[in-house]
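> Sequence and computational prediction follow.
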Amino acid sequence: MYASSEPSLRPPLSLGEKASRFLTWTAVLALLAWSWHGAEMRPLALIADAGNIGTLIGDFFPPDFTDWRMYVKEMLVTLQVAVWGTVLAVICAVPLGIMSAENMAPWWVRQPVRRMMDAARAINEMVFAMLFVVAVGLGPFAGVLALWVHTTGTLAKLFSEAVEAIETAPVEGVRSTGASYLEEIAYGVIPQVFPLWISYSLYRFEANVRSATVVGMVGAGGIGMVLWELIRSFEFPRTCAVMAIIVLVVTLFDLFSQKLRKMVL
Amino acid sequence: MIHVTGLNKTFSGVQALKHIDLHIKPGEMVALIGSSGSGKSTLMRHICGLTVSDRNSGEVKVNGYTIQKNGALSGNIRDIRTHIGVIFQQFNLVGRISVARNVALGALGRTPFLHGLAGHFSPEDVELTLRALERVGIRDKAWQRTSTLSGGQQQRAAIARALVQRSEVLLADEPIASLDPESARNVMDTLQELNRTDGMTVVVTLHQVDYAVRYCPRTVALKKGEIVFDGPTRDLTPAMLNSLYGAESRELFGEKSSVRAIVPSSVRGERTAAAA
């Protein structure tokens, strides 16, 4: 009996299961082929234009750090934008996150809040930045507002998922003492989700340091604005210097916040 | 003190409680026994107002307050809950905050709203908290994070929280089911002491009869959602249990645990006599 077929660790498949596997793989390949066309993929261009790309990269070196004081100053502005954008978002995400948690709010609160957060999340911070530049004028404040709205959407979702995963027993314990709804949240829910919330907030702060460097490109202040000006005037050695500073600072903050997150969890 | 009349509860088609009538006088210490699925914990959750009964069936009154009637919780249930101490099998403490703070939560009901949210309790309540911890024997653990305590210590912290509530009724839902025998005895001793010294009315669900025999003068036995016995615990002989529960009665005696070591000799004598 065993000799008739090779021993195998694969579970035996019925004909229907085999067909559905085949269909799944066909669909995946079809999707890739279809997107190849739409995205106008031309890998050969990389080879054909290799000379051009080489010259461009060559133009970046050596980097020109003459204006480094100005770059550092603008980089600080970018960090400050990220700080305020994140802090405001965390503050808003606490109530909004609880309001969109299944075990905390009735559907007529949950659904509208969730859809609002979906919208805030769906639209990229660059788009918000362009809108806020129109509303409040050029400068870092538009960047803060853009990060604030987008990050609130993301954090509210992450916060609500943490709330949905809590244990109900401690909440019932607090309830059994006659606590009010808000006291149940303050003592039963928040202590349970606190470390996760902190971790998510720090993670978003990392992401916002990166995002803050690009929202500047549409006029919302900071290093992004400098970068955009330099690229537009083909000042590649200086562009290179600015990019080096961005990479350095973003890496430093990633490492730092990773350490902090490990500490709270 | 506790009056349950005509209570029915159905969980997705299965009737968990069938027409329960139960009356408990002030100062009693009553055991609710039954095997798992008998409905004893469900009954307990109805008494403390964490679960509501079927519509148009029955009423629960504790200490003169109506907890629920005809399947609806009383409108001021949050106020009423402040007068009823509850402890649970899983302790239901908040693991990440200190023991003292968990115990102080018992005073939330009489703390002004914003003070309660900010964690400012009155000096009297802080003192009461420390005294309650002293009384249950874990004063030295007051500032530890609650999750670092052993099960028995956590259950005593939960009792201390009920003390801070200054409740006259203590409902204990399977308080010893997750504890080792020594911690279990310790917790039961504490409950008994509160019942005897403070005259606190104590209702405790147990799934082993041994502890009922040792600690509770009165026992209410449930089977498949019905009260099948309600009377002095000494009447609850093995023969009686056998007739009530059949093969299930072995579970109630905790198969492997040694009953003899726990049951006082006087009771044991009676039981052997009855069994013979």
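It's in.

> can you map out the helices along chain A?
A:15-38, A:43-48, A:50-60, A:68-99, A:107-122, A:125-136, A:140-164, A:168-175, A:181-183, A:190-215, A:223-232, A:236-264 (DSSP state H).

> Quickly compare those and say which is most buried.
Of these, the one with the most neighbours on average (mean count of other CB atoms under 10 Å in any protein chain shown) is helix A:140-164, at a mean of 24. Where C-beta positions appear, they are placed from N, C-alpha and C, glycine not excepted.

> Make JSON lines out of the helices of chain A and add distance to residue B:109.
Conversion of the helices of chain A to JSON lines gives the following (distance: least, CB to CB, whole Å):
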{"stretch": "helix A:15-38", "distance to residue B:109": "58"}
{"stretch": "helix A:43-48", "distance to residue B:109": "70"}
{"stretch": "helix A:50-60", "distance to residue B:109": "68"}
{"stretch": "helix A:68-99", "distance to residue B:109": "23"}
{"stretch": "helix A:107-122", "distance to residue B:109": "26"}
{"stretch": "helix A:125-136", "distance to residue B:109": "45"}
{"stretch": "helix A:140-164", "distance to residue B:109": "24"}
{"stretch": "helix A:168-175", "distance to residue B:109": "11"}
{"stretch": "helix A:181-183", "distance to residue B:109": "9"}
{"stretch": "helix A:190-215", "distance to residue B:109": "19"}
{"stretch": "helix A:223-232", "distance to residue B:109": "54"}
{"stretch": "helix A:236-264", "distance to residue B:109": "32"}
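
> mind giving me the domain split of chain A?
The record's domain split for chain A, according to automatic domain parsing, is A:15-60, A:68-264.

> Next one: the last one, is it in contact with chain B?
Going back to what we said before, that points to domain A:68-264. Yes - using CB under 8 Å from any CB of the partner chain, domain A:68-264 comes into contact with chain B via A:169-170, A:172-180, A:182-183, A:186-188, A:191-192, A:194-195.

> Provide a list of residues in contact with the residue nearest to residue B:26 when sequence neighbours are not counted.
Among residues not flanking residue B:26 along the chain, residue B:1 sits closest, at 4.4 Å (CB to CB, 6 or more residues apart in numbering or on different chains). For residue B:1, the contact set (CB atoms under 8 Å, 6 or more residues apart in numbering or on different chains) comprises B:24-28, B:62-63, B:168-169, B:201.

> Now for those residues: which two are most distant?
Among the contacts of residue B:1, the pair separated by the greatest distance (CB to CB) is B:27 and B:62, at 14.2 Å.

> Neighbour count: these two, which is higher?
residue B:62 (25 against 14; other CB atoms under 10 Å in any protein chain shown).

> Quick test: name the residue nearest the centre of the chain.
In the absence of a named chain, chain A is used. Ranked by distance to the mean C-alpha position of chain A (CA atoms, centre = their mean), the top residue is residue A:207 at 5.4 Å.

> not what I meant, chain B
Note: chain B centre (CA atoms, centre = their mean) maps to residue B:172, 1.3 Å.

> hang on, the earlier thing: can you redo the domains of chain A as a markdown table with mean pLDDT and distance to residue B:79?
Below are these laid out as a markdown table (pLDDT from 0 to 100; distance: least, CB to CB, whole Å):
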| stretch | mean pLDDT | distance to residue B:79 |
| --- | --- | --- |
| domain A:15-60 | 89 | 58 |
| domain A:68-264 | 90 | 6 |
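
> Save those as TSV, and put in distance to residue B:72 too.
Compiled in TSV, those are given as follows (distance: least, CB to CB, whole Å):
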stretch	distance to residue B:72
domain A:15-60	50
domain A:68-264	17
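
> Any idea which of the ones you listed gets closest to residue B:180?
That would be domain A:68-264 among those, by CB to CB, at 20.0 Å.

> Residues contacting the longest helix anywhere in chain B, please?
Across chain B, the longest stretch assigned as helix under DSSP H is helix B:181-198. Here helix B:181-198 makes contact (CB under 8 Å, 6+ apart) with B:27, B:29, B:136-137, B:150-153, B:155-156, B:159, B:163, B:170, B:172, B:175-176, B:179, B:200-202, B:204, B:211, B:214-215, B:257, B:262.

> Strands - which of these land there?
B:29, B:170, B:172, B:201-202, B:204 (DSSP state E).

> and which of those residues is nearest to residue B:90?
Nearest to residue B:90 out of the ones in strands among the contacts of helix B:181-198 is residue B:172 (CB to CB; 12.5 Å).

> does that closest one really touch residue B:201, like I thought?
No - using CB atoms under 8 Å as the test, residue B:172 is too far from residue B:201 to be in contact (11.3 Å).

> burial of residue B:94, as a residue count?
Applying other CB under 10 Å, I find that residue B:94 has 25 neighbouring residues.

> Contacts only, for it.
Per CB under 8 Å, 6+ apart, neighbours of residue B:94: A:170, A:173-174, A:187-188, A:191-192, B:101-102, B:105, B:146.

> Ignoring the adjacent residues along the chain, who's closest to residue A:128?
Excluding the flanking residues, the one nearest residue A:128 by CB to CB, 6+ apart is residue A:146, at 3.8 Å.

> Quick check: closest non-adjacent residue to the residue in the stretch 151-276 of chain B positioned nearest to chain A.
Here the stretch 151-276 of chain B gets closest to chain A at one residue, residue B:165, 5.8 Å apart by CB to the nearest CB. With CB to CB, 6+ apart as the criterion, residue B:165 has its nearest non-adjacent residue at 4.1 Å, and that residue is residue B:106.
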